[in-house]
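In: build the 3D model from these lines:
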Amino acid sequence: MKPISILFEDDYYIAVDKPSGVLSIPPRAGLEEDIFSFFKAKYDDLRLVHRIDKETSGVLIFAKGEEAQRSLSLLFEHHTIFKEYKAILAGIPKEDSGTIENYLDEHPNVKGTYRLAYQGKGKLAISHYQIEEKFKRNCLVAFQIETGRTHQIRVHAQFLGCPLGYDPIYNPQNGIFLSRLIKNYKGKDEERSIIQRLSLHAQTLRFYHPFTGEVVDIQSLFPRDFQKAIEILRKHC
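Out: Numbering: from 1, shown residues only. Below you'll find the model as predicted:
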């Protein structure tokens, strides 16, 4: 595995900068590399706390030992930890900011995908969003999530009518293309999206340290491909 940057480390926790395309935790089957196993080889009592999707980049934190795991897991469970993601969306929501609160469950007909739950079923999902920058046909949005449901931001972005710009599951057009931004575009016949993976980045994780009481503020800079996509959108806005 390529070197993984460490964003924060003390006697209790280690937070790393997860690249897109790498699993957070061991797969159920197969031989793919994952970040937890990579660091588990270096820290004997490393424990899982949360995970982020394979194609999402950004902050991923692990606990060192059972007590540290239990303490941080409670912060996640009680929604007393600040989690902020940045997403490039297709389209621009009608409202510049808002809160989405509904229930999600796994789609019964499409394995591995999620949807709004019906008839009171599913798990509660709460996301707050704020548009940070508007482009011609896209926007950069900050999502603060209180709950951490699988595919929560991806489903909530779709609920807004503006799915992630690159999302092979929830965006039928899947991609951000210059031909949609430039009039009389003259490019290659087989045009590629300006970003080639999920346009979602876990940028911030902030919480009161369960053992020291200090504020831990962990930040992940935009990866090169994510930043480049934003610069292209600005140029053609």
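In: show me the beta-bridge partners of residue 106.
Out: residue 114 (DSSP bridges).
In: who's in contact with it?
Out: Going by C-beta atoms under 8 Å, 6 or more residues apart in numbering, residue 106 touches 112, 113, 114, 115, 150. Where C-beta positions appear, they are placed from N, C-alpha and C, glycine not excepted.
In: what's the distance between the first one and residue 22?
Out: It stands for residue 112. 18 Å (C-beta to C-beta, to the nearest Å).
In: same check on the last one?
Out: Summarising the geometry, the distance separating residue 150 from residue 22, computed by C-beta to C-beta, is 18 Å.
In: which one's more surrounded, the two?
Out: residue 22 (18 against 15; other C-beta atoms under 10 Å).
In: state the phi and psi torsions of the closest residue to that one other than its chain neighbours.
Out: Once flanking residues are discounted, residue 22 sits nearest to residue 35: 6.0 Å by C-beta to C-beta, 6 or more residues apart in numbering. When read as degrees, to the nearest 10, the backbone of residue 35 gives phi -70, psi -40.
In: would you confirm that residue 35 contacts residue 16?
Out: Yes. Between residue 35 and residue 16 there is a contact under C-beta atoms under 8 Å: 6.4 Å.
In: overlap in contacts of these two?
Out: 4, 60.
In: next, the buried residues of stretch 139-148.
Out: By neighbour count with 16 or more other C-beta atoms under 10 Å, stretch 139-148 contains the buried residues 139, 140, 141, 142, 143, 145, 146, 147, 148.
In: and residue 181, what pLDDT?
Out: Listed pLDDT for residue 181 reads 87.
In: how many neighbours does it have?
Out: Neighbours of residue 181 (other C-beta under 10 Å): 18.
In: ok, back up a step: and the residue nearest to residue 22, how far from residue 10?
Out: On the measure of C-beta to C-beta, residue 35 and residue 10 end up 19 Å apart.
In: tell me where this structure has helices.
Out: 35-40, 66-77, 152-159, 224-235 (DSSP state H).
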